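K.L.:
Below is the sequence, then the predicted model.
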Amino acid sequence: MSTPDEGTPFEALRGQLQQAATEFADGPDALQGILLGIVDDVDRAVREPLEIFPVCHHSPASALAMARRLREKQPKVVYLELCEDMAPLLSELRNCRLPVAVQAFASEVRGFPAEWAPLSVVAPITEASAEYQAIAYALDTPGVELVLVDRSSDHVFQWQAGAAEPSGPDAPPAEEEAALHGDAVGVEIGDLRPRFAELEEHLLHHGRVRHWSEWWHQYVELPLGDSDHDTYRQVMLLIGSLFRRLAPGDTDRVRVDEDRERYMWTRMREHLSATGTDPEDCLYVCGAFHASSRVEEFGVHGSDTFEISPPGGSTWQHGLIPSSHASIEAQFGLAAGSVSIAATQWAKNLRRTRVQPYRLAGQTGAKKAAKPGRSAVPVAPEAPADKLSGFLQSPPALDRLDEAELRGWSVEIVRSARRNGYLASTADAIAVFETSILLAGMRDRARPTPYDFQDAAVTCIEKETVPGRRDVRRLVEILMGGDRIGQVGYDALPPLARDVHDRLAPLNLKLQQRGVQRALLDMTSQPELRQCSDVLWMLRHLMPHGAARPIMGERELGKQSVQESWDLALGTHQRALIELGYEGVSIEQVLEQRLRRAAYAPNATTADVLAAVEDAVLHLRSGRLADELGTRALEVLATERSVDGAPEVLRRVRRLLAYYRITRPVLPSWIESFAKTGYAHYCTLLPTAFTDEDATVRQVAAMLGFLFSMESLALSLGCDRAQLDLAFAQSHPEEPSRTALLWAARVHLGQLSRAELRERCDALLDNPLVVPAYPRYLSGFLHALEPVPHLADFVVEAVSKAFARLPDPVLLPWLPTLITTLRSEGADLTPLLIREAGRVFPGRLAALDAWVPPWEAVPEAPGAPAAPGAGTARRAVLLAAHPQTCDSLAELLGCEGTWEEETPEPSGAVLAGRHPETAAALEALLAGV
């Protein structure tokens, strides 16, 4: 590094620091090198022909100094430390309400580890920031060019060290972090915080503050708020150089910082060379840390040895997303409420100094900008003067107490506390007022800061408990400005988001407004709302929970609601809607891409692919896509070797099969193949599943349900029933519940009669050694209702016998298991059991004493004579009394005939007498035998 020229304006300061280093240090070498190096850094940056403007992110002092300097200098080119690929989006800021974040997003990752996907970079922008002042000046001033010179979003990840930086000590709890920014990598202009932990601890201790944001507000923001340009610039350069020289040796982070500086200076020299712009007409806005750079590429006359690597193959999408003060604080490790306090300080600075800030024309949510007056004459550059010596030697200016402001704070915090359940009174307001002054005096401050007031309010009002959701610290943050949340305007939204708003316009709701709104859709009286319903169901599938939540109405295969009610919060979830726009130009396209991605994922199961098929039919009504995904489900089923997803496969295949049978004259070829393949597949796995400990009873029951419900279709398509017979012949379960399931399946196949099944169950109850395991048999019978629903009456009988005959030590521990099983796994089976129990048991309490269970009733003797009139009681009395239905059906079928008179006595086999041919044929057959 070159030695500074003799006669620089900082020679006096350099001599004083050298003398102090010799006096207070053991030797002049170590401390002298640091102090003199800081002066050299400041001198070098001040003498650079291209003016460097150091800033700190979201700093009101930096924003105020930037507004002043832009009006004085009126540069023709503004170089800004921001990702160069974000430049096209900056003009859309006028359509937004700040704060918002400029985002670069890549869903398809190329050249990076797959687990990094999706890649996201955000750069939040607030009104009280120097970068916004520079952007507003450059975009609304004719003849001014704005050039972003920092690395691209792709280079952010190319140069990433690999390990995520830990959250700052002032960061909020993990569950509240980055609520609006998600897991995006934050890019900020002017990250200015000590990287030497001992230095930060020393500053906080001697400054008598709790966290870094409070120290910066007290000792940098307030003193620099009224300083002139040269003083502000030199002090910020001094701070940046100090933090840079006292940073620990984190080689990865230092390498990235220096590469960024080389990148920016290389881009600026390329632009100056290409346009021929005079460096005196330019302004370089960057963080104070980078302004004190010592790389060889520094300056317009630096070396050109740095080569910029090309971006990777990832496709980047860019857009604006809403941000908030809380999200900025969480992502960059700032103290809670510090950005809101900075916004309040920015407003105070503007009122005190009467500086006219720059605002984009048509900015949403901003005050109307004043009409531009006569352009100021650019100030001729002067030789830099030493302002550091006077600033460092002068005592801090004492800001006198503003009693009116503090009194207003005290009254408002008590009013807010009472609204939130605190028992606060006027005495508490007086206590907060006096305690704030006391704390400020203890901390060597004449005027209480917002942080002093916050501590005083917590001490005097909160006491021991928090009656509501918000504590006093949060109430103070709201009082100081609250968490301001930005909004992206309609014109700045991506095409997909605008299309969603246009298609939902018939709802007549303010969809960009935050909060929950109720939408009522009556498709009978307003058929055009059917399209809105389609959009809402797709949004429910694509967006986070709560963005579109149905209150009334459902969408299932073969069903459509005539009325629906929705709770919509699209404004609250605006970021998610914007990020959908990065994936496609319409929600139908995005949904199709996601369904394909889910179906063709390496870990996709048959149930997952069938769910994608069902969604394709429900939301897209695309037979082509459903057939393609159905073929994929067939491929996945053939490769599965477990039965984990059998219940879900059964449920979805039944629904799809019923839907296609109703809506199509011919079943799709893929579902026919699925039935054949699934029949053979589950027949093969059935013997193993009956004995596999990893397979649950519910999964085995689902396999049987698939086999029994698809049997007729599979056999008609060429499958062999012998496969099923062999599978049951090879099944030998030992566990009681699976044994009961096998018995029920054999009843369905005709291999076991109901009488034999009842005898086996009675034998189990009669065997005292088996009685403790009987509830497990019942669990198997309950699961058997899935494949064999006609056994519901027998299951009711078995459960009733268990309640009647099982001893309490066996029955009572089983009851919770029965209830949880029916609730979690038998939700579809419970109505079947209740209906059957209602048919069997008496409907009135009075009839219960005389009621005899059907399975315990004594059967009649085979030769007992029938009761008189029994044949007449069985006649269709109702049909004879009301023959109109049969007459209408006969007329429809073209049949003619008359009703016969009913005889009081049985008339015998009248049909056989009228048509004796069948009896004669049977007689001839028997005679031949």
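P.N.:
Nice, thanks for sending it over.

K.L.:
So which residues of the stretch 451-600 of the chain form strands?
P.N.:
Listed in chain order, the strands of the stretch 451-600 of the chain (DSSP state E, counting those that start in this stretch) span 487-488, 517-522, 548-552, 555-556, 559-560, 563-568.

K.L.:
For Arg269, find the nearest of the ones you listed.
P.N.:
Arg269 sits nearest to strand 487-488 of all those, at 35.1 Å, using C-beta to C-beta. Bear in mind the C-beta positions are built from the backbone N, C-alpha and C, glycine included.

K.L.:
Can you spell out which helices and strands pack onto the closest one?
P.N.:
Counting contacts by 3 or more C-beta pairs under 8 Å, 6 or more residues apart in numbering; DSSP states H and E, strand 487-488 packs against strand 96-97, strand 317-322, helix 574-580.

K.L.:
can you give me the mean pLDDT across stretch 580-600?
P.N.:
For stretch 580-600, mean pLDDT rounds to 90.

K.L.:
mind listing what's buried in that stretch?
P.N.:
Residues 580-584, 586-588, 590-592, 594-596, 599 are the ones in stretch 580-600 that count as buried (16 or more other C-beta atoms under 10 Å).

K.L.:
Farthest pair within those residues?
P.N.:
Gly581 and Ala599 (23.2 Å).

K.L.:
Return the distance of stretch 437-444 from the chain's centre.
P.N.:
Remark: stretch 437-444 is offset 45 Å from the chain centroid, using C-alpha atoms, centre = their mean, to the nearest Å.

K.L.:
buried residues in that stretch?
P.N.:
So, applying 16+ other C-beta under 10 Å, buried residues of stretch 437-444: Ile437, Leu439, Ala440, Arg443.

K.L.:
which helices and strands does the strand or helix carrying the first one pack with?
P.N.:
Assignment of secondary structure by DSSP states H and E places Ile437 within helix 426-442. Under the contact criterion of 3+ C-beta pairs under 8 Å, 6+ apart, helix 426-442 touches helix 403-419, helix 450-457.

K.L.:
okay, these in CSV with distance to Glu51 next?
P.N.:
Listed next are the helices and strands packed on helix 426-442 as CSV, based on distance: least, C-beta to C-beta, whole Å:
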stretch, distance to Glu51
helix 403-419, 37
helix 450-457, 33
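
K.L.:
quick one, which of these is nearest to Lys76?
P.N.:
Using C-beta to C-beta, the nearest of those to Lys76 is helix 450-457, at 39.4 Å.

K.L.:
the inter-axis angle of the closest one versus helix 426-442?
P.N.:
130 degrees (axes from the mean of the first three to the mean of the last three C-alpha atoms, to 10 degrees).

K.L.:
Dump helix 450-457 to CSV, restricted to CA.
P.N.:
Output of helix 450-457 as CSV, limited to C-alpha atoms (Å, rounded to 0.1, in the frame of the first residue of the first chain):
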residue,chain,number,x,y,z
PRO,A,450,-36.7,5.8,23.4
TYR,A,451,-34.7,2.9,25.0
ASP,A,452,-34.6,4.7,28.4
PHE,A,453,-38.3,5.3,28.1
GLN,A,454,-38.9,1.6,27.2
ASP,A,455,-37.0,0.4,30.3
ALA,A,456,-38.9,2.8,32.5
ALA,A,457,-42.3,1.7,31.2
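
K.L.:
Now it: average pLDDT?
P.N.:
86.

K.L.:
So, low pLDDT: which residues of this structure?
P.N.:
Judged by pLDDT under 70, the chain has its weakly predicted residues at 1-34, 161-197, 199, 247-250, 364-401, 482, 824-827, 857-877, 902-911, 928-929.

K.L.:
So in it, which helix runs the longest?
P.N.:
Using DSSP state H to define each element, the chain has its longest helix at helix 251-275.

K.L.:
from the chain's centre, how far out does that one sit?
P.N.:
36 Å.

K.L.:
likewise stretch 353-362?
P.N.:
Worked out by C-alpha atoms, centre = their mean, stretch 353-362 lies 37 Å from the chain centre.

K.L.:
buried sites along stretch 620-632?
P.N.:
Buried, per 16+ other C-beta under 10 Å, within stretch 620-632: Leu620, Ser622, Leu625, Ala626, Asp627, Glu628, Leu629, Gly630, Thr631, Arg632.

K.L.:
Which residues does that stretch contact?
P.N.:
Residues outside stretch 620-632 that contact it (C-beta atoms under 8 Å, 6 or more residues apart in numbering): 588, 591-592, 595-596, 599-600, 609-610, 612-613, 616-617, 668-671, 674.

K.L.:
again, 10 Å this time
P.N.:
534, 538, 588-589, 591-592, 595-596, 598-600, 604, 606, 609-618, 656, 660, 663-664, 668-671, 673-674 (C-beta atoms under 10 Å, 6 or more residues apart in numbering).

K.L.:
What of stretch 207-214?
P.N.:
In contact with stretch 207-214 (C-beta under 10 Å, 6+ apart) are residues 168-170, 192-194, 200, 203-204, 215-219, 221, 329, 333-339, 341-342, 439, 442-445, 449-452, 454-455.

K.L.:
that older thread, got a PyMOL select line for the buried ones in the contacts of stretch 620-632?
P.N.:
To isolate the buried members of those in PyMOL, using 16+ other C-beta under 10 Å:
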select buried, resi 534+538+588+591+592+595+596+599+604+606+609+610+611+612+613+614+615+616+617+618+656+660+668+670+671+673+674
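
K.L.:
between the buried residues of stretch 437-444, which is closest to Arg549?
P.N.:
Leu439 (46.3 Å).
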